[in-house]
Structures are given as C-alpha cells and as structure tokens.
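> Provided below are the primary sequence and the corresponding predicted coordinates.
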Amino acid sequence: MTKPLPDWLDPERWIALSQCVDKAAIHAAILSENPAERELALMLSPGAGEFLELMARRAQAITRRHFGRTISLYTPLYLSNFCNGGCLYCGIAADRRAKRAVLDEAQLRHEMEAIKKMHLEELVLLTGERMPEADLPYLRECIAIAAEYIHNVNIEVFPMEEQEYRQLADAGCTGVTLYQETYDQAAYERLHRWGDKRDFFKRLDAPDRALRGGLRTIGIGALLGLSDPRFDILCVYRHAKHLLKNYWQAGVSISFPRIRPQMGGFQPDHPVDEKMLAQFIFALKICLPETPLVLSTRESPRVRDGMAGLGISKMSVASKTTVGGYSEDTEESTEQFEISDERGIPEFCAMLRSKGLEPVFKNWDATYRDPAHYAANR
C-alpha cells in the first residue's frame with residue numbers, strides 16, 4: 001500500500017483542470033499576472049495546445065526579462081556505469097549486459113584536461129547507484145580533482161544523507177541534479193524492480209538533504225514518458241515551489257528529459273511528443289519565471305534550436321554518455337542512453353549566435369571561490 005504524498009507535493013486538487021477544454025479559461029491562465037497551480041494545470045491541458053504560439057511568446061518575453069539573451073552551457077562526465085539498480089528504462093541497469101568501466105585518477109585528469117580545453121566552467125559528474133566501485137570516498141576524491149580544473153562542479157548520482165552531502169560540498173561540489181523519475185508511486189515501484197533506488201521517499205527527500213548539507217543548487221525533473229506527464233509536471237512544479245520556499249538562498253533548476261533509445265529497448269507507456277514538450281516548457285516558464293529551465297542533448301538539434309531562449313536558458317553541449325569519452329585515455333563502455341544532438345561547441349555556439357543568443361561558458365559565482373581551499377581539503 002502506497003504512502004500518501006506529503007502535503008507540499010500532492011497535486012490532486014489540480015489534476016482535473018489538466019484535462020480542461022474551456023478555451024476562455026485557458027487563455028486567461030496564459031495571460032495571468034500571478035499564475036500558480038490552477039493556471040499551470042490549465043496550460044498543461046490538451047486544450048492549451050491550440051494556444052502554443054501565445055504561450056511561446058509569453059515564455060520568450062519572460063525568459064528575456066530574467067535571463068536576457070543568454071544560454072548557459074555545461075557538459076556531463078560519467079565517472080562510472082556500475083549500478084545495482086533494476087530500472088526498466090536504463091541502459092546501465094544491473095541486469096544489462098553492459099560493458100562496465102570506472103575512471104581512475106589518471107583517466108579522470110585526462111578527461112578534465114580535455115574538458116578544460118572546451119572552455120566550459122560547469123560540469124556534471126555522473127555515476128550509477130551506490131557501488132563499491134563508485135562510493136562516497138571515490139566521489140569525494142573525483143570532485144576534489146575536478147574542482148582543480150572547473151569552477152562549478154555538480155553531481156548527478158545516488159541519493160545521500162545530509163552529512164555525506166556536506167563532505168562533498170567541502171570537497172568542492174556546488175550542486176546536485178536528482179530526478180525523481182516519476183512522482184507516481186505505483187509506476188515508480190513497477191519501474192524500479194530492485195536496488196536502493198526502489199525507496200521512493202528517500203529519493204524524494206534527497207534534494208532537501210543536499211541543500212541542508214551545504215550545496216548551493218539543486219536540479220529536479222521527471223523522466224517524461226514513465227507515467228502521466230501532466231501529473232509529473234504538476235508535481236515538479238510543487239516540488240520546486242517547496243524547495244524555493246524552504247531554501248530561498250539556493251538555486252533551483254528544472255530539466256525535461258524524455259526517454260531515449262537505450263540497451264534494453266524500453267518503450268514509454270506515456271510518450272511525450274515535441275509539441276507536448278514545448279507546451280510543458282512554456283507553461284512552467286510562465287509559472288516559474290525566475291527558475292532556469294534546462295534542455296539536454298537528449299533532444300534533437302531541431303528541437304534544441306527551436307527552444308533555445310524560448311523558456312530554456314541552460315543547455316548541455318558536446319555530451320558523452322559513456323564513461324569518460326572526452327579524451328583518448330578511456331576504454332569504450334556502454335552508454336546510459338543515446339544522445340541526439342551530437343554537435344560540437346563551435347557549431348552549437350554558432351547556432352545560438354545566429355538566433356541572437358549569447359552562449360555563457362563561465363559561472364561568475366566562481367569569483368567568490370578559492371580553488372586552493374578545495375585542494376587543501378582533499
């Protein structure tokens with residue numbers, strides 16, 4: 001029997017509105033001066049698809065007001081693809097015949113040297129679920145090394161306890177990305193067959209623990225396609241509002257990953273097409289004007305080109321989803337999923353500039369950080 005969602009998350013009151021066909025109500029929601037859950041639910045409804053152009057114009061105006069014409073860039077680096085999880089949708093789940101790898105210190109330094117040459121100043125380090133090959137001490141060491149090269153080092157790894165996050169913050173970690181995958185508990189249980197990740201509430205509460213542990217930013221999202229996407233987006237909104245209210249000093253961002261081809265061949269029960277994806281992005285931007293919205297290389301060049309600056313203000317670039325992959329010093333490993341936008345940095349930045357957008361490579365908050373502090377605390 002599933003536990004009830006916490007009061008701050010439960011979107012039940014607004015689910016019916018996400019099926020609305022009242023055009024006047026939807027139009028009023030899009031133009032609302034103070035949109036909240038009610039307006040978001042209306043903008044997520046199938047009927048709002050007819051108002052996509054109006055939503056796009058409003059989302060673009062809001063994005064320019066709060067982020068200018070800039071797109072912040074980052075890249076991911078997989079440290080390990082060892083995993084104890086049984087996620088049906090993942091190419092590196094424990095039962096996949098995946099080629100496993102983990103970076104040692106020399107390989108990590110070669111990867112960091114290659115990434116440093118890309119002039120990016122934001123990096124996300126990734127692993128599978130907690131394993132002996134990639135546990136807390138390993139992760140702490142990798143963060144400290146990465147912090148010698150890159151000013152803004154984030155992680156997308158297994159959920160941890162508050163004191164563990166504090167150790168990573170002391171090592172130089174600035175933020176965490178942690179997708180709930182789906183907020184539908186029944187679907188979550190079915191999709192996560194075994195492993196530590198089966199604990200729905202431990203994962204749900206991890207962003208709170210990370211921010212209490214001293215990390216400065218948190219990225220959340222749902223893996224669109226695993227369950228009713230309108231329910232998940234409503235939950236993402238409420239999750240973001242909870243974090244913004246309780247950790248107002250922190251930065252919160254939202255991503256919109258969709259299922260991509262992967263080893264195992266999982267097909268989503270609730271596929272989200274490009275029009276729906278755009279609708280969700282516009283709706284959340286209208287309701288969360290100051291929150292950065294992120295779009296990764298999971299999406300095709302056409303989709304990313306179209307969404308840049310249109311609600312989206314942050315994007316990954318030149319991504320690899322194998323372990324390492326940026327230098328010539330790592331062996332081939334199984335990728336977690338296929339990326340879609342394989343463009344390099346020069347080509348991607350040329351596209352942004354052709355649209356009147358400016359790529360941002362540097363995190364200016366880094367001027368307040370002393371890199372020697374992190375090297376001394378390794």
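Right, received. Where do you want to start?
> I'd like to know how many residues surround residue 9.
Other residues within reach of residue 9, judged by other Cβ atoms under 10 Å, total 18. To be clear about C-beta, it is placed using only N, CA and C from the backbone, and glycine gets the same treatment.
> how many neighbours does the spatially closest residue to it that is not a sequence neighbour have?
Among residues not flanking residue 9 along the chain, residue 238 sits closest, at 5.2 Å (Cβ to Cβ, 6 or more residues apart in numbering). Around residue 238 there are 21 other residues, counting by other Cβ under 10 Å.
> Please, which helix or strand holds residue 238?
helix 229-246 (DSSP states H and E).
> try residue 306
With DSSP H and E as criterion, residue 306 is part of helix 301-307.
> hey, where'd the strands end up in the chain?
Secondary structure of the chain (DSSP state E): strands at 70-78, 122-126, 152-156, 173-177, 217-221, 251-255, 293-295, 314-316, 358-360.
> Adding distance to residue 199 as columns, could you present these in a markdown table?
As requested, the strands of the chain are exported to a markdown table (distance: least, Cβ to Cβ, whole Å):
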| stretch | distance to residue 199 |
| --- | --- |
| strand 70-78 | 23 |
| strand 122-126 | 20 |
| strand 152-156 | 18 |
| strand 173-177 | 17 |
| strand 217-221 | 17 |
| strand 251-255 | 22 |
| strand 293-295 | 25 |
| strand 314-316 | 28 |
| strand 358-360 | 37 |
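> Quick one: closest of those to residue 229.
Closest approach to residue 229 among those (Cβ to Cβ): strand 217-221, 11.5 Å.
> that older thread, name the residues of the helix holding residue 306 that come out as buried.
Residues 303-307 are the ones in helix 301-307 that count as buried (16 or more other Cβ atoms under 10 Å).
> okay, the residues you listed in a markdown table with distance to residue 113 and pLDDT next?
Output for those, formatted as a markdown table (distance: Cβ to Cβ, whole Å; pLDDT from 0 to 100):
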| residue | distance to residue 113 | pLDDT |
| --- | --- | --- |
| 303 | 32 | 96 |
| 304 | 27 | 97 |
| 305 | 30 | 97 |
| 306 | 34 | 96 |
| 307 | 32 | 96 |
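> Same list (these) but as CSV, adding distance to residue 223.
As requested, the buried residues of helix 301-307 are arranged in CSV below (distance: Cβ to Cβ, whole Å):
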residue, distance to residue 223
303, 17
304, 18
305, 23
306, 21
307, 18
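> isn't residue 36 right up against residue 283?
No: Residue 36 lies out of contact with residue 283 (Cβ atoms under 8 Å); the separation is 11.9 Å.
> quick one: contacts for residue 341?
297, 299-301, 304, 319, 348 (Cβ atoms under 8 Å, 6 or more residues apart in numbering).
> Apologies, that question was intended for residue 350.
Residue 350 neighbours (Cβ under 8 Å, 6+ apart): none.
> any idea how far it is from residue 306?
16 Å (Cβ to Cβ, to the nearest Å).
> Could you do residue 44 as well?
The spacing between residue 44 and residue 306, counted by Cβ to Cβ, is 20 Å.
> So which residues of the stretch 101-250 of the chain form helices?
Assigned by DSSP state H, counting those that start in this stretch, the stretch 101-250 of the chain shows helices spanning 105-116, 136-147, 162-171, 185-191, 200-212, 229-246.
> Out of those, flag the one nearest residue 269.
helix 185-191 (8.1 Å).
> Convert the closest one to PDB, retaining C-alpha atoms only.
C-alpha atoms of helix 185-191 as PDB (Å, rounded to 0.1, in the frame of the first residue of the first chain):
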ATOM      1  CA  GLN A 185       4.300   5.800  -6.600                       C
ATOM      2  CA  ALA A 186       2.700   2.800  -8.300                       C
ATOM      3  CA  ALA A 187       4.600   3.400 -11.500                       C
ATOM      4  CA  TYR A 188       7.800   4.100  -9.600                       C
ATOM      5  CA  GLU A 189       7.500   0.700  -7.800                       C
ATOM      6  CA  ARG A 190       6.900  -1.100 -11.100                       C
ATOM      7  CA  LEU A 191       9.700   0.600 -12.900                       C
END
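> how about stretch 11-29: buried residues?
Under 16+ other Cβ under 10 Å, the buried positions of stretch 11-29 are 11, 14, 17-18, 20, 25-27, 29.
> Just grab the bridge partners of the residue sitting nearest the centre point of the chain for me.
The centre of the chain sits closest to residue 255, judged by Cα atoms, centre = their mean, with a distance of 4.1 Å. In this entry, residue 255 is beta-bridged to residue 221, residue 294, by DSSP bridges.
> which residues does it contact?
Residue 255 neighbours (Cβ under 8 Å, 6+ apart): 177, 179, 219-221, 293-296.
> Quick check: mean pLDDT of stretch 70-86?
For stretch 70-86, mean pLDDT is 95.
> how far does that stretch sit from the chain's center?
10 Å (Cα atoms, centre = their mean, to the nearest Å).
> same question, stretch 48-68
Mean-position distance between stretch 48-68 and its chain equals 21 Å (Cα atoms, centre = their mean).
> For it, which residues meet the burial criterion?
48, 51, 55-56, 58-59, 62-63, 67.
> for stretch 184-199, same thing?
The neighbour-count check on stretch 184-199 (16+ other Cβ under 10 Å) flags 184-185, 187-188, 191-192, 195-198 as buried.
> Skipping its backbone neighbours, what lies nearest residue 326 in space?
Going by Cβ to Cβ, 6+ apart, residue 326 has residue 114 as its nearest residue, at 4.1 Å.
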